[in-house]
Structure formats: C-alpha cells, structure tokens
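In: Predicted model, plus sequence, below.
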Amino acid sequence: MRKKWVEKGFEDFIGGTFGNGGQNLYVSRKGRLQRIFRYDFNQDGYADVAFANSQDMGERPDITVVSEPIRKDEFLYLPTQGAYGGLVSDLFGDGNDSLVLAHQNNGTHTDVPAFVYYGSDDGISLRYRIELPASNATDVAAGDFSGRGKKDLVFATEGNLRIFFCKEQGYYETAFKDMELHGKAVFVEARDLDRDGYDDLCVRCADGTVLILWGSEEGLSLDRMTVFDFLASPVRLGAGSTEARLLWNNTWRPCFVELGNTVYLYVVKDNKACFYTGHNKELTLSFSLDIPGSVYALSADCFRRNENDLVLCICNDIEKEEQSYIFKGTKEGINPGEYVTFLAQSLRSVCVGDIDNDGLKELVLCSGNNGITYTVNTPVYKLHKDRRIEKIKEYTVHDCVDVYIADSKNKKQIVFVNHESGRVRGDVDLFVYYNGPDGFDPERRDVLSTWAGVDLICCDFFDRGVHDLFLCNCAENSVSQGIDPGCYLYHGGPDGFKKDRKTVFPTYRAHGCAVGDFRKSGYLDIAVGGFHNPVIKIFKGGENGFDLENPQKIVLDPKLDDSYEPVPPSKDIFSPSDNKARLDTEYCEVRFMLAADLNNDGYLDLCVSQILGDHFMILWGGPDGFSKDNVTYLPVVNSVCAQVADLNKDGWPDLIVGGFMYKSKNWKKDSCVSIFWGGPDGFDKRRCTQLPGHASNSITVADFNNDGILDIFITSYNSGRDRDLDAYLYWGQPGGIYSEKHRKRFFTHSSCGSLALDFNNDGLIDLAVANHKTYGDHKGYSQIWYNSEEGFKEENIVWLPTYGPHGLMAVDAGNIMDRSEEEIYISKVKELDVKSRICSVNWEAELPPLTWVKCRIRCADTKEEIESAPWMGKNGLNSWFESPCEIHDQALSGRYVQYMLALGAKNGGNSPYVTSVTIEYEASL
C-alpha cells in the first residue's frame with residue numbers, strides 16, 4: 001500500500017537547504033518556494049531593463065547666439081568646454097565683436113582651454129575659433145592696460161591671473177604672463193577707472209578681498225595695486241556633483257559704469273550697492289544705494305535721452321521674481337529717487353541695445369537657474385521713450401551667466417553664455433524599457449519618478465505573483481537644499497508600474513541596496529546604505545509589508561555608538577560648517593552593495609563598498625543576523641561595487657570588487673578590479689588578481705562567448721581626462737586566468753551600469769550598458785549591445801534615451817556561482833517508517849513564461865549514507881524528473897529519502913512558484 005510524504009507550506013520548506021545560501025531563492029511565509037530576482041518585468045518572456053536615471057544636466061551646454069533677434073531669430077549654437085564666464089568685445093577695432101569664453105570644467109576635469117570665437121563682418125560663428133591655455137577659469141576681461149591701442153585678455157585661471165597679450169595676429173598660446181594671487185581670483189573686470197589712458201583691472205577674490213591693478217605703460221603689475229579698505233563678503237563657489245565642477249552662485253560681480261562722464265566701480269559693501277571713483281588712483285566712495293541683493297550694474301542710454309542711466313540687477317532669492325531698477329541718469333550721475341523697475345527672476349546681468357533696429361532700445365536679461373531647473377526662459381523688455389518697460393520676448397537659456405549684444409558690419413546678435421542645462425535637483429524621470437519579439441522600442445516604456453536614482457532591484461516583494469521595483473534615491477543634487485525623499489518601492493500590477501503606486505522608505509542619501517530573506521522568516525528584507533552615512537538600515541519584511549519605523553541599524557564606524565543617527569540633508573553635507581557634520585570617510589561612503597553566501601555556511605553575507613575608504617567590508621551573516629562586530633575588512637582602496645561567481649570552478653565563491661579610484665596614483669581614476677579567490681581559508685590579498693579599469697563602478701559576469709568559462713565586463717565611468725571612453729570585457733581563460741592580454745573594448749559614455757542577459761532569446765548573452773553622460777550632457781543614450789556568432793559589433797547596438805543613469809540592477813541574473821539558469825533547493829532528509837521504494841513524484845507549481853521545475857531524488861538505508869548517495873531522475877543517475885511521473889526504477893529505495901528541486905528561468909526573468917512536493921512510496925519486498 002502506497003504512502004505519501006508531502007511537503008507543503010513555509011514550515012516544511014524552510015527546513016531544507018537553499019542553494020548559495022538563498023542568494024536567489026527563498027520560501028515565502030505563504031509557503032511558495034520561489035526565486036528572488038526578476039528581470040522580465042511584465043512577464044511576457046522577454047527580459048526588460050530599467051535605468052536608474054539620476055540627473056539630466058548638460059555640463060557644457062552650447063552658447064546660444066541669436067542673429068537678427070526679434071525680427072528673425074536665427075539661432076546658432078557654439079560648443080563650449082563648460083563656460084563659467086565670457087565677454088563680447090571688439091578686440092581689434094575693426095567694428096566686429098568677438099566672443100571670449102572662460103571655461104571652468106567640462107564635466108570631467110578643469111584642465112580645459114579658453115575659447116576665442118573671432119568675429120567677422122557676418123558676426124560670431126563657428127568658422128573662426130582658437131584655444132588659449134587658461135584652465136579652471138572663472139572669468140575673463142579685456143583691456144588696453146599698456147596704452148598700446150590693443151586689448152589684452154585677462155583670465156582668472158586656477159585662482160590666479162593670466163594675461164594674454166594681443167599680438168600681430170591676435171592671441172597666441174605662449175604669449176602670456178601669469179600673476180600669482182594665491183588661488184583667490186574669481187571675477188575680473190576692466191576699464192580706465194582713473195582716466196589716465198590705461199585700462200585698469202578690478203579683481204574680486206574668493207576671500208572677499210577686492211583689488212585694483214592699475215594700468216600703465218608697462219601694463220599690469222602687482223606692484224601697482226590697491227586693496228580696498230574693506231573686506232567684502234567671501235565668494236561662495238558651490239561644489240557641483242561632478243568632481244571639481246563649480247556651481248554658479250548668484251553673487252555680485254565688480255562692474256564699471258559711466259555716469260555723467262565719470263567712471264565708477266560698482267561693488268557691494270554691507271549689502272549696499274556702492275560706487276567708487278578712482279581719481280589719481282585714490283578710491284573714493286561717491287554714492288551708494290541701500291538696496292539689498294544687488295548683483296550687477298550697467299550704464300546705458302536706455303531711453304534715447306543721450307544720457308546714461310544706471311541699471312541695477314537684484315537677486316535675493318532665485319526662486320522668486322523680484323524688482324530690479326533703472327535709475328535715471330543725470331549729468332552729475334543719477335537721481336536715486338527717479339527710477340523705473342522691471343521684473344526678473346534669478347537675474348545675473350543685463351545688456352541694452354537696439355537689437356531689432358526699430359529706434360528703441362531693448363533690455364535683454366541674463367537669467368540663472370531658479371532652484372528647480374537650470375533651463376529657464378529669460379525676458380527681453382522694450383524700453384519706450386516715455387520710460388515704459390514692456391516685455392516683448394522670451395528666450396530659452398541654460399543657467400545663463402552672461403549676456404551680450406554683439407555687433408558686426410552686417411548683423412546684430414545676442415549672445416547668451418550658458419553654464420548648465422536641465423534640472424537642478426535630480427528629480428527626473430526613471431525609464432523602464434519593455435522588450436519584446438521586435439526588441440526594444442524607445443517609445444515602449446513606463447516613466448516613473450526618481451530623485452537622483454542609483455540602484456534598482458526587481459522582485460516579487462509581497463509574494464503576489466507580480467513584480468515590484470525598488471529604487472535607491474541618493475538625492476545628491478538636492479541634499480544642500482534639505483531635500484531627500486528616501487527610497488521608492490514601486491508596486492507592480494497588470495498595468496505595469498505607476499508613479500503614484502509606491503511605498504516610500506525613510507532613508508538618507510541611499511546609494512546601494514541588497515535584498516534577501518536574511519532572517520529566514522519567509523519575508524524579503526532590504527538593506528540600504530549610502531553616502532555621507534555610516535549606517536546601514538535593514539528594513540524587515542512582514543505580513544503587513546515592510547516595517548519602516550523600526551529598521552535594524554548597523555553603525556559601520558567602530559568609533560560611533562549604536563545610537564548614532566545619520567545627518568539629515570542640509571548644505572553642511574558637502575561643506576560642513578563645524579566638526580559635528582564631519583564623518584570618518586573610511587566608513588561613511590557606502591556605494592553599491594551585494595548579498596551572497598561567501599563562505600558556504602548557508603547564510604547570506606553583506607558586501608559593502610566604501611568609495612573613499614581603504615577597505616571593502618564584509619558583514620558576515622549567521623543565525624544572529626548581521627553585526628558590526630562580525631566584519632572582515634579586505635584591503636581594497638576606494639571600492640565601489642562587487643559581484644560574486646565561482647570563476648575557477650572550485651566550488652567556492654570568488655569575490656570581484658570594483659575600484660572607483662586609486663588615491664595614491666597620479667591618475668587617480670586609473671583604478672582596478674580585484675578578484676579575491678575564494679576557498680576554505682577565506683579571502684586574502686595575497687590570493688588576488690587585479691585588472692585595469694577606469695572608475696569601474698559596475699561589473700557583470702557571464703559566459704559571453706559560450707566557451708564554458710565565465711567572462712567579466714567592467715564599466716568605465718571616468719578616466720580623469722575623459723568620460724567618453726572604452727569599457728572592458730575580460731575573457732575568461734582556462735584555470736581562472738583573467739588578463740588585459742585577453743580583453744575586448746566597448747566604446748561607451750561614462751558607463752556606470754551593466755547587465756548581462758539574452759535579450760532576444762537566441763542563446764547568446766547580450767549586454768545592457770547604462771551611460772551616465774554623453775559628451776558632457778546627462779541627457780544621452782544608453783546601450784543594448786546585441787551579441788552574435790561573430791561577437792559584439794557596434795552596428796548591433798540599440799540606443800535608448802536616458803537621463804544620467806548611475807546604474808542598472810546591480811545583481812546579475814542566474815545562479816550566482818556559474819550564471820546558469822537554475823536555482824537549487826534540497827529538502828531535509830525524511831525518515832520513512834520502513835525501507836521503501838519510491839513510486840512517484842509530484843509537485844504543484846505555477847509556471848510563468850519561460851520557467852520550469854525539475855526534481856531529483858536519492859535514497860539510502862542510513863542517514864549517514866544519504867549524504868553520498870547519488871541523485872536519480874527519470875533516466876537514472878544524475879538525470880532529472882522534468883514533470884511529475886510514476887517511478888519504476890528499483891534503485892530508488894531505502895529508509896531515508898531526500899529530493900532536490902531545480903527552479904529554472906530563462907534570463908532569470910520570472911520564477912516558478914512551488915507550493916507542494918509529494919513523494920509516494922511503498923514498503924520494499
């Protein structure tokens with residue numbers, strides 16, 4: 001008579017062994033045995049891809065040139081290397097204005113040249129352009145400082161002054177003179193202040209010092225310099241999210257104005273607009289205007305009265321419209337009580353001229369960002385002779401820092417010097433692209449919200465049979481504004497993902513996550529770490545979802561006690577005003593994380609990168625969970641990510657750690673990827689292989705050439721000189737050999753995310769690459785590289801629009817050890833009442849597209865023998881039962897029985913849900 005051994009429900013399945021410590025396999029509290037990670041978001045049989053978009057800034061936007069403005073508006077766009085300042089001037093006295101640009105950072109580095117776009121009879125164009133060596137420049141001025149009748153160019157470069165002398169053929173790369181100002185020079189402006197026939201130079205320094213260098217027959221010299229008798233407020237140059245890139249803060253710049261035949265220097269003292277004369281090189285305060293927030297002053301005959309008026313630009317709050325002023329000029333200067341106003345937001349400068357040749361002047365505004373977006377509309381006002389001011393036009397600009405009217409013999413042009421485009425805070429869209437029989441279509445996507453997203457994980461978090469998407473938001477661009485919305489868990493549904501269908505997790509500056517059933521509770525948990533934050537939070541899953549109020553907290557810094565709480569978002573995060581906000585960078589700069597069983601003990605361990613530290617951290621899992629007291633510190637400098645695989649097929653997981661930089665090198669971004677070879681003695685730097693990379697912040701492992709050996713793809717985020725550069729695929733060689741001698745290059749654009757999947761289901765592993773920015777613009781394109789029998793070719797790339805993604809899913813698809821398609825579950829050993837023969841095997845499972853379940857059984861007469869007993873399937877030794885069936889093999893008999901399940905999924909896209917396993921047996925004769 002047959003009997004049954006039935007395993008069903010959480011309590012039965014939890015007693016078994018989950019392959020690889022349950023890295024990609026668990027049993028839910030509902031009793032459904034399943035894979036964890038999912039890559040087919042809509043369960044149609046094709047792997048999809050989601051890009052963690054982070055920002056959409058363009059860091060070297062073109063200069064906008066408008067020819068024949070108002071009347072025709074013919075647009076021309078001139079390339080830059082990250083303009084921070086500029087000027088338009090008739091450099092050679094030929095009636096044609098030229099454009100000079102001071103470049104500060106091109107989105108990668110500050111060693112960028114200045115540009116001079118020489119004008120012609122037909123205006124400023126792409127036709128004539130030279131470069132001048134003026135790196136990290138914040139401003140430029142032009143003046144005849146020696147009375148030669150030629151204008152020299154002065155750049156504030158690296159905080160010092162560099163003067164390029166005007167020669168017979170203009171400006172030469174080597175014809176310059178440097179003046180040391182100890183790295184303090186920020187803004188420069190030139191004019192003959194003392195009316196001695198030589199232009200003078202005003203310099204506003206970062207520490208608040210204001211200097212006048214007086215021109216003379218010998219030109220400029222630090223020996224002929226006057227320091228203002230007051231210390232102005234320091235220039236606060238905000239740090240951008242790109243290394244060494246400066247934000248353009250709305251602050252005042254020194255300006256020269258001419259009113260009533262007198263030249264004045266405009267500066268700000270005690271929040272008042274102050275105007276100084278310089279007769280006999282003596283600086284004397286002539287008048288002041290008690291109007292807070294002035295940033296710029298211009299003199300111009302605004303209303304055709306043959307008398308210069310004074311335009312005073314006001315910006316106290318970039319998020320609000322404010323009134324700026326035009327004071328009526330007189331022969332003695334201005335009448336402070338007689339003025340008209342105009343509205344402007346985030347105003348930085350203005351220019352005045354008759355740009356449409358109608359006999360009336362126009363006032364063209366230079367508008368910066370409004371705190372939300374760099375790309376804004378800036379107004380043009382018509383200045384009527386009766387002193388009416390009428391807005392007649394708006395032009396789109398990008399964090400504009402200067403505006404000029406350029407004259408030439410044949411046309412007028414407006415020149416907008418743009419600094420940055422896109423949005424300010426990183427609150428951009430996240431794109432989920434859906435694959436299908438015809439591949440990817442840029443129009444076939446879900447659009448979700450992100451706040452500087454960096455990491456993604458797709459799982460069935462609530463065991464509903466649908467896929468959910470967890471997103472880490474690092475909020476790096478909005479931290480200084482006090483904004484960090486936390487992480488988002490988008491709840492999937494039959495209609496995909498929706499913006500408003502999400503759970504918000506309270507996190508600070510989250511940059512990486514790891515998912516697993518860490519407690520063997522039947523619920524998935526989520527571990528989150530981030531930047532400027534020495535705390536990892538583990539949000540525990542439960543019957544009612546995640547416990548958001550009581551996460552487990554692991555304080556990584558051993559010098560901090562467990563009561564430490566992360567610093568809330570504020571401007572002090574990047575520029576601490578006191579030591580309270582400062583943290584030990586060895587422990588507080590977590591980037592990407594990974595959960596894996598690194599020592600084959602059946603418990604998941606946490607891999608924690610430290611991008612500014614000297615060590616990579618492993619938090620060992622166990623029956624008591626994770627603790628900062630059970631940590632291994634691997635000597636890996638500036639680690640950023642990790643993957644795990646059994647690269648040499650010895651049964652032990654090997655750890656691959658991506659290095660973001662190498663801080664002791666001259667070229668710090670020439671980093672490396674470190675392979676720590678696993679084994680019973682753990683990891684050791686003496687058993688490590690390092691491979692060259694460039695800020696390798698993403699790794700994916702797969703057998704790309706189907707030779708049975710795993711290969712390693714690493715991204716290239718930054719070389720220190722370029723962001724558009726090659727990523728590397730290291731071909732695995734027999735015996736676990738990886739070397740630059742066996743490497744393929746992939747041209748990418750600041751690549752920072754990678755994922756290996758067979759997107760077209762042709763049996764060859766393809767590659768998704770997230771490109772952070774393309775030629776300086778975060779609004780770019782990421783890549784799907786399709787594999788073929790001939791390998792990867794650039795003609796087989798599909799380009800998908802993205803906004804500065806920082807990652808894809810950081811967990812590879814497939815079995816973490818060999819990237820195969822099956823995850824293994826082994827039941828506990830069942831003792832039967834008597835020695836019996838196995839008669840049948842049956843299981844109940846839901847099978848979404850391209851998933852399967854297989855079974856093996858083994859038997860033995862004693863419990864000790866079953867560990868070495870062979871696994872049997874339908875066709876005998878080491879085969880599988882691929883469907884429930886009767887069993888006639890007499891070899892499957894014994895007192896002890898055990899089964900093995902393989903839960904398979906093509907591309908790891910979906911998962912079977914196994915709810916019961918039944919083995920029938922009868923007593924042996």
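Out: In hand now; what should we look at? Given the structure is predicted, the values throughout are model-derived calculations rather than measurements.

In: all strands of the stretch 301-450 of the chain, in order?
Out: Applying DSSP state E, counting those that start in this stretch to the stretch 301-450 of the chain gives strands spanning 309-314, 321-330, 333-345, 347-353, 361-367, 375-383, 389-398, 402-407, 412-417, 429-433, 445-449.

In: Indicate which one of those strands is closest to E131.
Out: Closest to E131 of these is strand 412-417 (Cβ to Cβ; 17.0 Å). From N, CA and C alone the C-beta is placed, and that goes for glycine too.

In: Strands of the stretch 601-750 of the chain, residue ranges please.
Out: Applying DSSP E, counting those that start in this stretch to the stretch 601-750 of the chain gives strands spanning 605-608, 616-619, 631-634, 639-645, 654-659, 672-676, 688-692, 699-702, 711-714, 724-730, 743-749.

In: picking that back up, make JSON lines from the strands of the stretch 301-450 of the chain and add distance to G496, mean neighbour count and mean pLDDT to it.
Out: As requested, the strands of the stretch 301-450 of the chain are exported to JSON lines (distance: least, Cβ to Cβ, whole Å; neighbours: other Cβ atoms under 10 Å; pLDDT from 0 to 100):
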{"stretch": "strand 309-314", "distance to G496": "48", "mean neighbour count": "24", "mean pLDDT": "99"}
{"stretch": "strand 321-330", "distance to G496": "40", "mean neighbour count": "19", "mean pLDDT": "98"}
{"stretch": "strand 333-345", "distance to G496": "38", "mean neighbour count": "17", "mean pLDDT": "97"}
{"stretch": "strand 347-353", "distance to G496": "43", "mean neighbour count": "23", "mean pLDDT": "98"}
{"stretch": "strand 361-367", "distance to G496": "38", "mean neighbour count": "24", "mean pLDDT": "99"}
{"stretch": "strand 375-383", "distance to G496": "29", "mean neighbour count": "20", "mean pLDDT": "98"}
{"stretch": "strand 389-398", "distance to G496": "33", "mean neighbour count": "17", "mean pLDDT": "98"}
{"stretch": "strand 402-407", "distance to G496": "45", "mean neighbour count": "22", "mean pLDDT": "98"}
{"stretch": "strand 412-417", "distance to G496": "40", "mean neighbour count": "25", "mean pLDDT": "98"}
{"stretch": "strand 429-433", "distance to G496": "7", "mean neighbour count": "22", "mean pLDDT": "97"}
{"stretch": "strand 445-449", "distance to G496": "5", "mean neighbour count": "19", "mean pLDDT": "97"}
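
In: can you tell which of those strands is closest to R71?
Out: strand 412-417 (9.6 Å).

In: Pairing partners for that closest one, with directions?
Out: Strand 412-417 pairs in its sheet with strand 63-67 (antiparallel), strand 402-407 (antiparallel), by DSSP bridges.

In: So what touches the longest one?
Out: The set of residues external to strand 402-407 that reach it, using Cβ atoms under 8 Å, 6 or more residues apart in numbering, is 65, 85-88, 90, 95-97, 99, 119, 123-124, 348-353, 355, 364-366, 378, 412-417.

In: Also the shortest one?
Out: Counting by Cβ under 8 Å, 6+ apart, strand 63-67 makes contact with 73-80, 83, 86, 99, 101, 123-124, 395-398, 406, 411-418, all of which sit outside it.

In: So what's the gap between that strand and the chain middle?
Out: 30 Å (Cα atoms, centre = their mean, to the nearest Å).

In: Can you point out the buried residues in the next helix-or-strand element following it?
Out: Proceeding N to C from strand 63-67, the next assigned helix or strand is strand 74-78, under DSSP states H and E. For strand 74-78, a neighbour-count test (16 or more other Cβ atoms under 10 Å) marks 76, 78 as buried.

In: picking that back up, mind putting the strands of the stretch 301-450 of the chain in a markdown table, distance to V640 included?
Out: Below are the strands of the stretch 301-450 of the chain laid out as a markdown table (distance: least, Cβ to Cβ, whole Å):
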| stretch | distance to V640 |
| --- | --- |
| strand 309-314 | 43 |
| strand 321-330 | 43 |
| strand 333-345 | 39 |
| strand 347-353 | 37 |
| strand 361-367 | 37 |
| strand 375-383 | 31 |
| strand 389-398 | 30 |
| strand 402-407 | 37 |
| strand 412-417 | 35 |
| strand 429-433 | 21 |
| strand 445-449 | 25 |
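
In: Out of these, which is closest to F626?
Out: Short answer: strand 429-433, nearest of these by Cβ to Cβ, at 29.1 Å.

In: Pretty sure N105 sits against T242.
Out: Yes. Using Cβ atoms under 8 Å, N105 is in contact with T242, at 6.8 Å.

In: how far away is G22 from R35?
Out: 10 Å (Cβ to Cβ, to the nearest Å).

In: what residues are shared contacts of the two?
Out: Both G22 and R35 lack any common contact, where contact means Cβ under 8 Å, 6+ apart.

In: still on that earlier bit, mind checking the strands of the stretch 601-750 of the chain for the one nearest to I483?
Out: Minimum separation from I483 across the strands of the stretch 601-750 of the chain (Cβ to Cβ) falls at strand 639-645, 24.7 Å.

In: who does the closest one pair up with?
Out: With DSSP bridges as the test, strand 639-645 is paired with strand 654-659 (antiparallel).

In: can you give me the helices in the protein?
Out: With DSSP state H as the criterion, the chain has helices at 10-13, 863-866.

In: The last one - what's its average pLDDT?
Out: Looking at helix 863-866 alone, the average pLDDT works out to 96.

In: buried set for that helix?
Out: So for helix 863-866, counting by 16+ other Cβ under 10 Å, buried means I866.

In: Alpha carbons only: can I get it in CSV?
Out: As requested, the backbone C-alpha atoms of helix 863-866 are provided in CSV (Å, rounded to 0.1, in the frame of the first residue of the first chain):
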residue,chain,number,x,y,z
LYS,A,863,21.0,8.9,7.4
GLU,A,864,24.8,9.0,7.2
GLU,A,865,24.8,7.3,3.8
ILE,A,866,22.4,9.6,2.2
